[in-house]
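Asks: have a look at this prediction, sequence included:
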Amino acid sequence: MRRCVTGLITVFAIASITFLLFRLLPGDPTTAMLSPMLPPDERQQVRAEFGLDRPLSEQYLFYLRNLLRGELGRSFARRRPVIEILGERMPNTLILAAVGFGLTYLLAIVLSVVMIANINTWIDSTLTAICLLLRSPPVFWIGSMLITFLAFRLRWFPIGNMRTAGYPETGWLGMYCNWDFAWHLALPVFAVVIYELSFPLLLLRNAMMRHLMSDHVRTARAKGLRESTILARHVLRNSLLPLIASASISIGLSLGGFAVLEFVFSWPGLGLTIVEGISSRDYPVVQGAFLLMGVLVVLVSLVADLLYAALDPRITYR
Amino acid sequence: MAALATWTSRSLQRQVRVFRRDRLGLVGLIGLVCYALVAILSPYITAYGPDEITRDSDGSVSVTQPPSSRHPFGTTNMGRDVWSGVVYGTRTAFIVGAVTALAITALGTAIGIISAFFGRWVDELCMRVVDICYSLPLEPFVIIIVSFTGPSIWTISFGTTLLMWRSSARVIRAETLSIAKEPFVEAARAIGASNSRILWAHILPNVMPISTIYIAIGAGWAVLVEANVSFLGYGDPHAISWGRLLNQVFVTGMMRHAWWWVLFPGLALMLFVTCIFFVSRAYERELNPQLKEL
């Protein structure tokens, strides 16, 4: 319960910071947004339309009231409510994130067991070395390499976007459950997996190492349990808890990186919306997308905390 | 002052010990020294300027050529030498990394210590702010800042610092809390040392080792963020950086042919950040031997 309240406070603070960020920085948003050719009286009209001529405190209250109603303003460039644009784009980010992180963590679990089963052999040390290297390149470079080599040179995958141009879009199922979509999803997901894998993998491996040397595993061995049972039930299971704790932080951190990832693959998600919005100076859209991303991060950490509490009987949240 | 002097000499001895023990850390350190040499010697190891339009012997511009003996990393669509770009990019990486890392660590250390030392509502407030900083998406935040304040390595560095002090603040706070419970702090308080005396003479020197780790980690992150932001097209137009080289290959659509233009700047970036992480890992293991296995 307390956790939910702090989550709400954080969301409120993010909303306020977003508001301040777009208004206190040098320059009136309209000077950046509108063409300098516009006559001054029309500029005033636009300012009035968006409530920019009123005092800051009044604007702030107005903004908060609109937020509570789910009203995020209208896009300058597309002449549509921001909420509609974000509603279209958010599922794309969520799908990419869910498939990407799902595969990453699945692979991390499998590989960590492989490493632990072959501990201190060349398999273990090679995988560790690869992990240490893969921790460093930025996600956009991994994406660019995949595009250059797998999409352009080998022509195995499309170079970007979410579906082939002109692909008939019919309904939700028709849009997301088909081979064309999966084929376009493959490379971005691949990039996420490569980029994200090393952190949970090394973490799991080290957690499992610690458990391997602990007393309860020695007891299990002494009882004559099979090695595979010990690994699965005593070592892996206990090591998953710290993984969940760190997953929330690492997923939250990498959501910001999705802006760059989506940009490389022209994947029409929230991140690309922010990047495009900034370059076309479509500031209500940027503000909405930025806010939504912040809320997503808070949600992820909240879910992880609750999951952690549910799995670990030692922790309770009041 | 005397405390600072002993701290410096002791920390120098520690540096030597850290890298004698950790093989990968030594590799990272040697790598960074090589990069530093490249940065310093840039004009002497490149045949062309990073912005120079190079020409073949017959006078035509060397447009998008694959690696050759004249251009070891190939050329761009404007006939620029990719090797020169990568070499000069090292300078930008060092500047951005060092400036941002110092700013992040100074801010994080200050807030961490203040938060732990004054406790109660100060602590609560600082930690809420840290939570908020953790929830704001980093790259979008920096490009918003940069788009308002104008693209330059300083504004990128500023935007990065505004958010990234969060992790060092959290760790330094925890460290300060545990140091403040140590008997020697209690003893100092018992003989009547003032708050500021305790802060400067007892707590600060003891959290310094952890701060140094965050300088290293922060430098790695700063270089990555600069690359990300530059790649998105908000980089400093006057600085040659690896991120900007990669932005140009993406924007011009040359990723189709010019694999060398994609590969080498990214490789330079990856190895640079790897070296930094190896060094920071060596420090971390020195301070926290439980991490030995990693």
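Replies: Received it, and whenever you're ready, just let me know what you need.
Asks: count of neighbours near residue A:4?
Replies: 12 (other Cβ atoms under 10 Å in any protein chain shown). (C-beta placed from N, C-alpha, C; glycine too.)
Asks: again but with residue B:199, I slipped
Replies: Residues near residue B:199, counting by other Cβ under 10 Å: 16.
Asks: which SS state does it fall under?
Replies: Assigned by DSSP: H, G, I helix; E, B strand; the rest coil, the conformation of residue B:199 is helix.
Asks: what's the distance between it and residue B:188?
Replies: With distances taken as Cβ to Cβ, to the nearest Å, residue B:199 is found 11 Å from residue B:188.
Asks: cool, and residue B:72?
Replies: For residue B:72 relative to residue B:188 (Cβ to Cβ), the value is 59 Å.
Asks: now swap in residue A:88 and tell me
Replies: 61 Å.
Asks: low pLDDT regions in the stretch 151-294 of chain B?
Replies: Residue ranges of the stretch 151-294 of chain B with pLDDT under 70: B:288-294.
Asks: what is the neighbour count of residue 89?
Replies: Looking at chain A here, since you left the chain open. 21.
Asks: think we crossed wires, I meant chain B
Replies: 28.
Asks: please name the nearest non-neighbouring residue to it.
Replies: In this structure, residue B:89 finds its nearest non-sequential neighbour in residue B:242, 4.4 Å apart by Cβ to Cβ, 6 or more residues apart in numbering or on different chains.
Asks: tell me where the stretch 51-200 of chain B has helices.
Replies: B:82-118, B:120-135, B:138-149, B:153-180, B:183-190, B:195-197 (DSSP state H, counting those that start in this stretch).
Asks: so of the ones you listed, which one's packed in deepest?
Replies: helix B:138-149 (a mean of 24; mean count of other Cβ atoms under 10 Å in any protein chain shown).
Asks: can you name every helix or strand that it contacts?
Replies: helix A:2-24, helix A:237-264, helix A:270-279, helix A:283-311, helix B:153-180, helix B:204-229 (3 or more Cβ pairs under 8 Å, 6 or more residues apart in numbering or on different chains; DSSP states H and E).
Asks: for chain A, which residue gets nearest to chain B?
Replies: residue A:256 (3.3 Å; Cβ to the nearest Cβ).
Asks: so what's the closest residue in space to that residue that isn't next to it in sequence up against?
Replies: Nearest residue to residue A:256, sequence neighbours excluded (Cβ to Cβ, 6+ apart): residue B:137, at 3.3 Å. Contacts for residue B:137 were tallied using Cβ atoms under 8 Å, 6 or more residues apart in numbering or on different chains; they are A:255, A:256, A:258, A:259, A:290, A:293, A:294, A:297.
Asks: wait, what's in contact with the second one?
Replies: Counting by Cβ under 8 Å, 6+ apart, residue A:256 touches A:271, A:293, B:136, B:137, B:138, B:139, B:140, B:141.
Asks: spatially, which two of those are the most separated?
Replies: A:271 and B:136 (13.6 Å; Cβ to Cβ).
Asks: more crowded one of the two?
Replies: residue A:271 (28 against 25).
Asks: and that one, what pLDDT?
Replies: We have a pLDDT of 81 for residue A:271.
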